[in-house]
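Q: Below are the sequence and a predicted model; questions follow.
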Amino acid sequence: MASRSRYQTVECKTIDSINLEAWFYQVDRPVPAPAIIMTHGFNCVKEMSVAETAEGFQSAGYNVLLYDSRGVGGSGGSPRNQINPMQIVADVSDVVTFAARLPSVDSRRIMLWGMSFGGTVSACAAAVDRRVAAVLMVCPIFSFIRPDKRAKAFAQLMRDRESQLRGNEPFTLQPFNSKGENPIGFAGSGGPGGKEAYSLMKAAAERGHPNFRDRITLQSYHHMALFRPKEVMEEMLEGIPTMMMIPELDNISLPAEQKETFERLKTPKKLYWAEGKGHLSILTGEGSEKILKAMIEFFDSTLNEEIK
């Protein structure tokens, strides 16, 4: 949990009038400073895992906006905990607009940072929003539905849509069950990665993070099945300095797929290979100071136009 003296709670309004709750870590400087917008992982809330990184950025001279995605945590939007990747991508640009209007923010130097699912979303947002000065993806996820899961999952989705049309509430379920599985087979489902994700969500529920729910709507998987971030990034992410941090031991998003996607990018880019790190451990524990330093150096170098 971040110290409340380090941030203030603010609300960013989206184009469709949804309020996104955010923590604003303001830099105490007489002139406007650059800002980093942080997007957390799948169904996570701002109280989980990344507050220390936000504080690190703040200490390095960056304003930070760490926000909850729509329908999640302290943010508005319904159905609750319905994860729609392309909607979140669009919302990122509205958070950029909010940040650009803050007196302490230099609107020409707003950068995006995202972890896991949030890293993928951030890069897709940067592909369209050319106001963004740079983007940093930490262990992004690129594949969302396994071919062997499609038929059964799609049938479930259609039954739920029919049920909602009859007036029933959206069906919800855990993102990962106790076996580490989910209906579409994403993020290490059924293996060690899925079990790690289950444990993360369980721990968040037990710690009582405000407004956290270890549930998502089934229709979230409908939106995810149609999300094609690799194609978006390869075709449209251009002219924006981009860094990808790949954990060597990632079992939620395969390192080989992350590296292959990185190699296809046609934008100024930098790769950081995090030796000995896993998907959920990359920001914590031994070596975390080195990771933070590398991220700050990337943002600093971007502002100094060292990456061409």
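A: Perfect, thanks for sending it.

Q: so what's the residue nearest to Leu237 when sequence neighbours are not counted up against?
A: In this structure, Leu237 finds its nearest non-sequential neighbour in Ala127, 4.2 Å apart by CB to CB, 6 or more residues apart in numbering. In this view, the C-beta of every residue, glycine as well, is placed from N, C-alpha and C. Ala127 makes contact with Val232, Met233, Met236, Leu237, Glu238, Ile240 under the criterion CB atoms under 8 Å, 6 or more residues apart in numbering.

Q: what about burial for the residues you listed, which qualify?
A: With burial judged by 16 or more other CB atoms under 10 Å, the buried subset of the contacts of Ala127 is Val232, Met233, Leu237, Ile240.

Q: Give me the spatial nearest neighbour of the second one, chain neighbours excluded.
A: Among residues not flanking Met233 along the chain, Ala123 sits closest, at 5.3 Å (CB to CB, 6+ apart).

Q: Tell me who's in contact with the one you found.
A: Ala123 sits next to Leu112, Gly114, Val135, Met137, Pro140, Pro229, Met233, Leu237, Thr242 when contact means CB under 8 Å, 6+ apart.

Q: One more pass at 7 Å, please.
A: Each residue near Ala123 by CB atoms under 7 Å, 6 or more residues apart in numbering is listed here: Val135, Met137, Pro140, Met233, Leu237, Thr242.

Q: Phi first, then psi, for the second one.
A: Note on Met137: backbone dihedrals following degrees, to the nearest 10 are phi -100, psi 130.

Q: and Pro132, what are its phi and psi?
A: Not Pro; residue 132 is Val. Main-chain dihedrals, Val132, degrees, to the nearest 10: phi -70, psi 130.

Q: Same check on Val135?
A: The phi/psi pair for Val135 (degrees, to the nearest 10) reads phi -140, psi 140.

Q: Use 621 as the first number from now on
A: Happy to do that; since the first residue is 621 now, the last one works out to Val755.

Q: Spatially, what comes nearest to Gly694 if we skip its sequence neighbours?
A: The shortest distance from Gly694 to any non-neighbouring residue, by CB to CB, 6+ apart, is to Glu641 (3.4 Å).

Q: Quick check: buried residues in the strand or helix carrying Met778?
A: Counting by DSSP states H and E, the element that carries Met778 is helix 770-785. Buried residues in helix 770-785, defined by neighbour count with 16+ other CB under 10 Å: Ala773, Phe774, Gln776, Leu777, Asp780, Gln784.

Q: Mind giving me the packing neighbours of it?
A: Packing contacts for helix 770-785, counted by 3 or more CB pairs under 7 Å, 6 or more residues apart in numbering; DSSP states H and E, involve helix 840-845.

Q: Around Leu891, how many other residues sit close by?
A: Counted with other CB atoms under 10 Å, the neighbours of Leu891 add up to 14.

Q: wait, it sits on Phe882?
A: Yes. Counting by CB atoms under 7 Å, Leu891 touches Phe882, with 5.6 Å between them.

Q: so what's in contact with those two at the same time?
A: In contact with both Leu891 and Phe882: Met864, using CB under 7 Å, 6+ apart.

Q: Would you agree Asp920 falls within a helix?
A: Yes. Per DSSP: H, G, I helix; E, B strand; the rest coil, Asp920 lies within a helix segment.
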